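Novice: any chance you can model this:
(one chain, ligands or ions: 2)
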Amino acid sequence: PKRILSGIQASGALHLGNYLGALKRFVDIQDEEPFIFVADMHAITVWQDPAVLAQQTREIACAYIAAGLDPKKATIFPQSAVPAHAELAWIFNCVARLGWLDRMTQFKEKSGKHKERSSVGLYTYPVLQAADILLYKATHVPVGEDQKQHLELTRDIAQKFNNDFGAPGGQPAFFPVTEPVIEGPATRVMSLRDGTAKMSKSDPSDASRINLMDDADAIAAKIRKAKTDPEPLPETIEGLAERPEARNLVDIYAALSSSTRAEVIEEFGGKGFGTFKPALAELAVEVMSPIGARMRELTGDPAQIDAILKDGAERARAVADPVVAETKKLVGFWGA
Ligand code: ATP
Ligand code: MG
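Specialist: Residues are numbered from 1 along each chain as shown. Ligands and ions are numbered 1, 2, ... in the order given. From the prediction side, this is the model:
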């Protein structure tokens, strides 16, 4: 059976990349009853202030709902409220090989020059991610392009677990081989300050991203100041090949207007950024500000959000607990 799962880290304010690469796509498939969690255990792989982590977790839940997720269709829950994530992650730590993790580019990027001072959790992050996914036997995971390598690791872990512990004699595999779903014109939204870097929550420059909670003036100002080259937009999409900043803005326009890169170039090819940026700003404000406004409303009612998260956690545990129990039995743990 098809099962969809995804999540977003409670590591700060959500941005346009999260919206186009993840949130919006969760809403598009919500009739398939996805599991959508708030990754607070992933968030603490880098320092998070304990005084604000729970609030950040609620804020991600607010964003899900503000973007249009219906908590009756989607199971929305905090990762840390389902202990089976941590239990399965430990077993997977013993399945995954060091050589596999050594290849992960996100760790290299996030640990930067100070690898030896990074948390061990940042290193094993993709193993916890595999547990998040396989605990629900998820078959489809909608994510941005940056998560492709981690999804491949999830497949490797599932296959090795099935080989090492799966019932012999060609029975159906215990864990499915998960498909990453990386689709649409904005699977990798780039920073507004640097067309070669991904737009990220953890980028220290606020001008690099449009936050979901930014007001109309902030959105317009950030687009006006976005880095570009001096040339007008090209007449064909091939002309965007060597122009990362221009391509990024065109792709954002395409995603926000549910059109394609080619359609945007058809409309704006030959026009300068003096024309294109105001049009993009108007569109971004039109799509984003209602979501921000709704988020502000929802954050004013934490009791309602907590009730949604509590209910989601119960529904998630009902699926996850039997899977982790079965996994422990396959591994051979006492009493399992
Ligand atoms: P952090 O910098 O803390 O890693 P992030 O901005 O990368 O934060 P995540 O919580 O790691 O956000 O990712 C949540 C989802 O958003 C994932 O599916 C990820 O692929 C997607 N995503 C993140 N950044 C972008 C982006 N710039 N463009 C498209 N999708 C993105
Ligand atoms: Mg990330």
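Novice: now do stretch 199-207: distance from first to last residue.
Specialist: End-to-end distance for stretch 199-207: 10 Å, by C-alpha to C-alpha, to the nearest Å.
Novice: before we move on, what about stretch 206-218?
Specialist: Using C-alpha to C-alpha, one end of stretch 206-218 lies 10 Å from the other.
Novice: list the contacts of it.
Specialist: For stretch 206-218, the surrounding residues in contact (C-beta atoms under 8 Å, 6 or more residues apart in numbering) are 13-19, 63, 66, 191-194, 197, 199-201, 203, 219, 222-223, 225, 284-285, 288-289, 291-292, 295-296. Using the backbone N, CA and C atoms, a C-beta is placed for each residue, glycine as well.
Novice: show me which positions of it end up buried.
Specialist: Going by neighbour count (16 or more other C-beta atoms under 10 Å), the buried part of stretch 206-218 is 208-214, 218.
Novice: narrow the contacts of stretch 206-218 to those in helices?
Specialist: Among the contacts of stretch 206-218, DSSP state H puts 16-18, 63, 66, 219, 222-223, 284-285, 288-289, 291-292, 295-296 in helices.
Novice: now for the buried residues of stretch 206-218: which two are most distant?
Specialist: Farthest-apart pair in the buried residues of stretch 206-218 is Ser208 and Met213; separation 15.5 Å (C-beta to C-beta).
Novice: ok, for the residue in the chain positioned nearest to ligand 1, nearest residue in space, not its chain neighbours?
Specialist: Across the chain, no residue is closer to ligand 1 than Gly21, which sits at 2.1 Å (C-beta to the nearest ligand atom). Spatially, and ignoring its direct neighbours in sequence, Gly21 is nearest to Gly144 (3.4 Å; C-beta to C-beta, 6 or more residues apart in numbering).
Novice: next, see if the helix or strand where His150 lies gets close to ligand 1.
Specialist: Element membership of His150 [criterion: DSSP states H and E] is helix 148-165. No - on the criterion C-beta under 6 Å from any ligand atom, helix 148-165 is out of touch with ligand 1, staying 8.6 Å away.
Novice: packing partners of that helix?
Specialist: helix 84-93, helix 98-102, helix 105-111, helix 120-134, strand 179-181, helix 302-331 (3 or more C-beta pairs under 8 Å, 6 or more residues apart in numbering; DSSP states H and E).
Novice: so, in contact with ligand 1 or not, the fifth one?
Specialist: Going back to what we said before, that points to strand 179-181. No - for strand 179-181, no contact with ligand 1 is found by C-beta under 6 Å from any ligand atom; the gap never falls below 9.6 Å.
Novice: flag every buried residue along that strand.
Specialist: Buried residues in strand 179-181, counted by 16+ other C-beta under 10 Å: 180-181.
Novice: that strand pairs with which strands?
Specialist: Strand 179-181 pairs in its sheet with strand 140-142 (parallel), by DSSP bridges.
Novice: now do the strand it pairs with: distance to the chain's middle.
Specialist: Remark: strand 140-142 is offset 10 Å from the chain centroid, using C-alpha atoms, centre = their mean, to the nearest Å.
Novice: can you tell me what sits against it?
Specialist: Residues from elsewhere that reach strand 140-142 (C-beta under 8 Å, 6+ apart): 2-6, 22, 25-26, 29, 133, 147, 151, 154, 178-183.
Novice: ligand 1 next: which of the ones in helices among the contacts of stretch 206-218 are close?
Specialist: 17-18.
Novice: show me the shaky parts of the stretch 101-250 of the chain.
Specialist: 167-170 (pLDDT under 70).
Novice: which ones are touching His42?
Specialist: His42 makes contact with 7, 9, 11, 79, 125, 128-129 under the criterion C-beta under 8 Å, 6+ apart.
Novice: let me know the closest of these to Lys329.
Specialist: The closest of the contacts of His42 to Lys329 turns out to be Leu128 (C-beta to C-beta; 21.6 Å).
Novice: and the gap between the residue nearest to the closest one when sequence neighbours are not counted and Glu326?
Specialist: In space, and not counting its chain neighbours, Leu128 is closest to Ala89: 4.4 Å by C-beta to C-beta, 6+ apart. Noted for Ala89: a distance of 16 Å to Glu326, by C-beta to C-beta, to the nearest Å.
Novice: ok, the two, which is more surrounded?
Specialist: Neighbour totals were compared for Ala89 and Glu326, and Ala89 leads with 21 against 12 (other C-beta atoms under 10 Å).
Novice: so that one touches Ala131, yeah?
Specialist: Yes - if you go by C-beta atoms under 8 Å, Ala89 and Ala131 touch, sitting 4.0 Å apart.
Novice: point out the residues in the stretch 51-200 of the chain that sit beside ligand 1.
Specialist: Proximity of the stretch 51-200 of the chain to ligand 1, by C-beta under 6 Å from any ligand atom, involves residues 143-144, 146-147, 186-189, 198-200.
Novice: a markdown table for those residues, including neighbour count?
Specialist: Converted to a markdown table, those look like this (neighbours: other C-beta atoms under 10 Å):
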| residue | neighbour count |
| --- | --- |
| Val143 | 20 |
| Gly144 | 21 |
| Asp146 | 17 |
| Gln147 | 21 |
| Ala186 | 24 |
| Thr187 | 22 |
| Arg188 | 16 |
| Val189 | 25 |
| Lys198 | 19 |
| Met199 | 25 |
| Ser200 | 20 |
